[in-house]
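A.B. asks: no sequence for this one, just the structure:
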């Protein structure tokens, strides 16, 4: 039997995988995408908290001191994310470590990434919300910010507002085809150019290929669609260029397991893991004061009672993103909704998350307002010895135990403390609400934004990837997911992950050409196929030149 | 690609995944999944009672009858037990079934040690943890979540599932659970869906500008 081969193998189909899959397929390469999770279409997504429903496409992965929520389906995190699409503020790209080393490559600034941000905003596309799109919850945060002397913005989202029903089930995928996941743009466009997407394929090992002309061999198992712990088969694919985009909790583990077979991987693989500084708090609102202090009411009798209504993220305050402020004092404060899966984490006045008072707090659930601060952390997490298979030990669909450890440093704790103080100053003013961060007892710190576990940079000592996303020790092996992002971002990371993946594409195409794959890359729109000119084309030429094209 | 043999391998992998990683302290106690009892019916009344008491400590409820011992009766209204926590823990969607007797035994061992160290006389007609008062159960359970507790991952996982039973009716389809009046969903005020079982909110916004946007906002709505 002849070996299975492809020009470009992409592992993972979220933002980091779908974008290179499209551009390389459009450039003329044979592209194969392996995705661990199942493939669901719009009509397959359900409004259901049954354990047989959302755990098909979402994993909660518990580590030591941190728990991560991550996508597990074709489209990856883009299927289950909350669609907030923000560019990271300029100062983020200038952050340095304690030794004074830049954490981002010198070639990457906000200005340098802006053309790529614009490319993604047009491709998804991103919609700038107006106030009638802002949920009741977002409205309360905005009014409270205003009353406390702060600004507050409607958040741009990757949502087709004409289709959106404001159902607030984004974690379960979008039943109405409104959320612009990779299923609606890059992935179908990649397939239109011949890319093959294989769901339920879990990659286990990367090693050098023994097939002449091919650089890497990737061993995978296929898994049972009803029970992902059960393998149904196995195989190997040989590729000239490999794009690893298995997510920030998948990519480093796969490289760790493959280290021996690959003759070693950079020491920074699996280090510097960041939870994006995520800090969630529940504010219990005084309904009477929502009316009397903020002047808000849904009806003659109800002021708020609307935690569950509308898009999960609609408003955010940028007031604490001052570039001149000290590190660990800068963050975005954002209104957010978490499904009731997380209710256990909310704390009562005594700092308890269980018992009689907590049960009474649950009875006031509709009057909760959840806020997320995205702060500056120190990327202090790391991954331990990888499990025998997969990127974590799966207990059931939707539930697993990872090897990552996160012990917050003083700097990270300072960031959280600053955010807590600010949230209280805004929301507890004159007794509007009581604000308490989620308990860390049940799950450690919880993040839906894992980052930086295989990051890019200029220094080999602290980054596993070159400034163009290539694994330092292995030409032709690129990492393009959240793992590549060097630091926490103080905003939701999806747009930055996507912009960096876009930026990597000319470099990946240059490698393809060097390895004998006939490609003609040009930045283009996945929905229309139209080639981009202007700043984006210039940025693409600059990247290609640095990649040696 | 050659299909691997079916059900035995599946059961073995499940048991391994749970025993090896999740619950290291119980690895030696856990029977292989393939040989384990299939459902809660065979769990036995003592383990069930202990697990119910644990769940009741986290999300307390009223007693099901005057003779109820597992539920301490510390709060009015339904708690995690009424919300179906045992049905969830024994769900075929989770690989916990063979481990539950061990978890209950571990909790009872902790309760015995707790009682001895405080000179509390435990009744002999019920599991040790069930023999503790609600306040003592609470003190004991709080300690299980301290960072230095070796078995902490077990209690964290169990607490997570207790929460799911009450807050999400995780063993039922949500629309169905609401139609049946699931105690947890009713308690929290979880909204009803439209007639087709889907949720929609045509009214979702106060509809007016409520704050000034940040002056440095870019044309696409991002911070500068």
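C.D. replies: Thanks, I have it. Being a predicted model, the structure only gives us computed values, none of them experimental.
A.B. asks: doesn't residue A:311 make contact with residue A:136?
C.D. replies: No. With contact defined as C-beta atoms under 8 Å, residue A:136 does not reach residue A:311; the gap is 11.0 Å. No exception for glycine: its C-beta is placed from N, CA and C like everyone else's.
A.B. asks: the two: which is more packed in?
C.D. replies: residue A:311 (31 against 27; other C-beta atoms under 10 Å in any protein chain shown).
A.B. asks: tell me the contacts of that one?
C.D. replies: Listed by C-beta atoms under 8 Å, 6 or more residues apart in numbering or on different chains, the contact set of residue A:311 reads A:82-83, A:133, A:135, A:157, A:159, A:164, A:166, A:168, A:170, B:204.
A.B. asks: top of these by neighbour count?
C.D. replies: Within the contacts of residue A:311, neighbour counts (other C-beta under 10 Å) peak at residue A:157, which reaches 29 neighbours.
A.B. asks: shared neighbours, residue A:136 and residue A:311?
C.D. replies: Listed as contacting both residue A:136 and residue A:311 by C-beta under 8 Å, 6+ apart are residue B:204.
A.B. asks: circling back to that earlier point, and which of the contacts of residue A:311 is nearest to residue A:299?
C.D. replies: residue B:204 (13.3 Å; C-beta to C-beta).
A.B. asks: tell me where the stretch 51-200 of chain A has strands.
C.D. replies: For the stretch 51-200 of chain A, the strands defined by DSSP state E, counting those that start in this stretch occupy A:58-64, A:66-71, A:153-154, A:196-198.
A.B. asks: so can I have JSON lines of the ones you listed showing mean neighbour count and distance to residue B:116?
C.D. replies: Below are the strands of the stretch 51-200 of chain A laid out as JSON lines (neighbours: other C-beta atoms under 10 Å in any protein chain shown; distance: least, C-beta to C-beta, whole Å):
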{"stretch": "strand A:58-64", "mean neighbour count": "24", "distance to residue B:116": "31"}
{"stretch": "strand A:66-71", "mean neighbour count": "26", "distance to residue B:116": "34"}
{"stretch": "strand A:153-154", "mean neighbour count": "26", "distance to residue B:116": "59"}
{"stretch": "strand A:196-198", "mean neighbour count": "17", "distance to residue B:116": "58"}
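A.B. asks: reformat those strands as a markdown table; add mean pLDDT and distance to residue A:329.
C.D. replies: Shown next, in a markdown table, are the strands of the stretch 51-200 of chain A (pLDDT from 0 to 100; distance: least, C-beta to C-beta, whole Å):
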| stretch | mean pLDDT | distance to residue A:329 |
| --- | --- | --- |
| strand A:58-64 | 96 | 27 |
| strand A:66-71 | 97 | 22 |
| strand A:153-154 | 98 | 20 |
| strand A:196-198 | 98 | 44 |
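A.B. asks: on that earlier part again, out of the contacts of residue A:311, which comes closest to residue B:223?
C.D. replies: Distance to residue B:223, by C-beta to C-beta, is smallest for residue A:157 among the contacts of residue A:311, at 15.4 Å.
A.B. asks: and the residue of chain B that's closest to chain A?
C.D. replies: Residue of chain B nearest chain A, by C-beta to the nearest C-beta: residue B:163 (3.2 Å).
A.B. asks: please identify the helix or strand for that residue.
C.D. replies: Assessed by DSSP states H and E, residue B:163 sits inside helix B:152-168.
A.B. asks: now do whichever helix or strand comes after that helix: everything it contacts.
C.D. replies: Sequence-wise, the next helix or strand downstream of helix B:152-168 (DSSP H and E) is helix B:174-179. Contact partners of helix B:174-179, identified using C-beta under 8 Å, 6+ apart, comprise A:47-50, B:168-169, B:185, B:190, B:192-193, B:197.
A.B. asks: list the helices and strands the helix holding residue B:163 packs on?
C.D. replies: Helix B:152-168 sits against strand A:58-64, helix B:45-58, helix B:85-89, helix B:100-117, helix B:134-144, helix B:183-188, with contacts defined as 3 or more C-beta pairs under 8 Å, 6 or more residues apart in numbering or on different chains; DSSP states H and E.
A.B. asks: is any residue of the last one near chain A?
C.D. replies: Yes. Helix B:183-188 comes into contact with chain A (C-beta under 8 Å from any C-beta of the partner chain), by way of B:187-188.
A.B. asks: next up, the contacts around the spatially most central residue of chain B.
C.D. replies: A centroid search over chain B (C-alpha atoms, centre = their mean) returns residue B:162, at 1.8 Å, as the residue closest to the centre. Listed by C-beta under 8 Å, 6+ apart, the contact set of residue B:162 reads A:344, B:54-55, B:58-59, B:80, B:85.
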